[in-house]
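Novice: Requesting a structural model of the entry that follows:
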Amino acid sequence: QVQLVESGGGLVQPGGSIRLSCAASGTIFSISTMAWHRQAPGNQRELVAAFTGGGSTNYADSVKGRFTISRDNAKNTVYLQMNSLKPEDTAVYLCSMQIRTTTGWGNYWGQGTQVTVSS
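Specialist: Below you'll find the model as predicted:
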């Protein structure tokens with residue numbers, strides 16, 4: 001059984017910074033893509049940032065230059081450094097990973113962590 005656990009969310013003032021972490025645990029043979037998504041009330045879930053299978057990164061236009069995705073392969077962990085935060089960044093942030101386990105490849109999701117940007 002594979003689990004993804006996010007941490008690092010909270011309340012931050014506009015212009016502030018916060019760092020999210022997402023750690024995968026369980027029987028993991030390899031991890032392909034790693035990504036962060038977000039969902040605000042009344043909005044569809046959107047991709048924020050991702051490592052593709054080839055190792056390159058993609059960012060939503062709304063976060064380019066402000067957010068940075070990084071990873072620690074030894075820890076099966078992906079991070080999202082969020083700078084210059086705006087109220088419109090307020091959302092539940094969820095991570096996802098494509099992971100190969102004993103039963104083959106699967107797409108796994110974390111439970112989400114709330115980020116609120118407000119003064």
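
Novice: CA only for contacts and neighbour counts going forward, please
Specialist: Fine.

Novice: what comes up buried for stretch 82-101?
Specialist: Buried residues in stretch 82-101, counted by 16 or more other C-alpha atoms under 10 Å: 82-83, 85-86, 89-101.

Novice: nope, stretch 28-36 is what I was after
Specialist: Ile28, Ile31, Thr33, Met34, Ala35, Trp36.

Novice: Now do the contacts for the third one.
Specialist: Contacts were defined as C-alpha atoms under 8 Å, 6 or more residues apart in numbering; by that measure Thr33 touches Ala50, Phe51, Thr52, Gly53, Gly55, Met97, Gln98.

Novice: Just to check, the last one is in contact with Asn107?
Specialist: Spelled out, that is Gln98. Yes. Assessed by C-alpha atoms under 8 Å, Gln98 is found in contact with Asn107 at 4.5 Å.

Novice: Met34 should be in a strand, yeah?
Specialist: Yes. Under DSSP: H, G, I helix; E, B strand; the rest coil, Met34 falls within a strand.

Novice: Leaving out the residues flanking it, which one is nearest to it?
Specialist: Closest residue in space to Met34, ignoring its immediate chain neighbours: Met97 at 4.5 Å, by C-alpha to C-alpha, 6 or more residues apart in numbering.

Novice: For the helix or strand where that neighbour lies, name the packing helices and strands.
Specialist: Assigned by DSSP states H and E, Met97 falls within strand 91-101. The elements that strand 91-101 packs onto, with contact taken as 3 or more C-alpha pairs under 8 Å, 6 or more residues apart in numbering; DSSP states H and E, are strand 3-7, strand 30-39, strand 104-109, strand 113-117.

Novice: May I have the first one exported as PDB, CA atoms only?
Specialist: Extracted in PDB, the C-alpha atoms of strand 3-7 (Å, rounded to 0.1, in the frame of the first residue of the first chain):
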ATOM      1  CA  GLN A   3       0.500   6.600   0.800                       C
ATOM      2  CA  LEU A   4       1.200  10.200   0.000                       C
ATOM      3  CA  VAL A   5       1.200  12.600   2.800                       C
ATOM      4  CA  GLU A   6       1.400  16.400   2.300                       C
ATOM      5  CA  SER A   7       2.500  18.900   4.900                       C
END
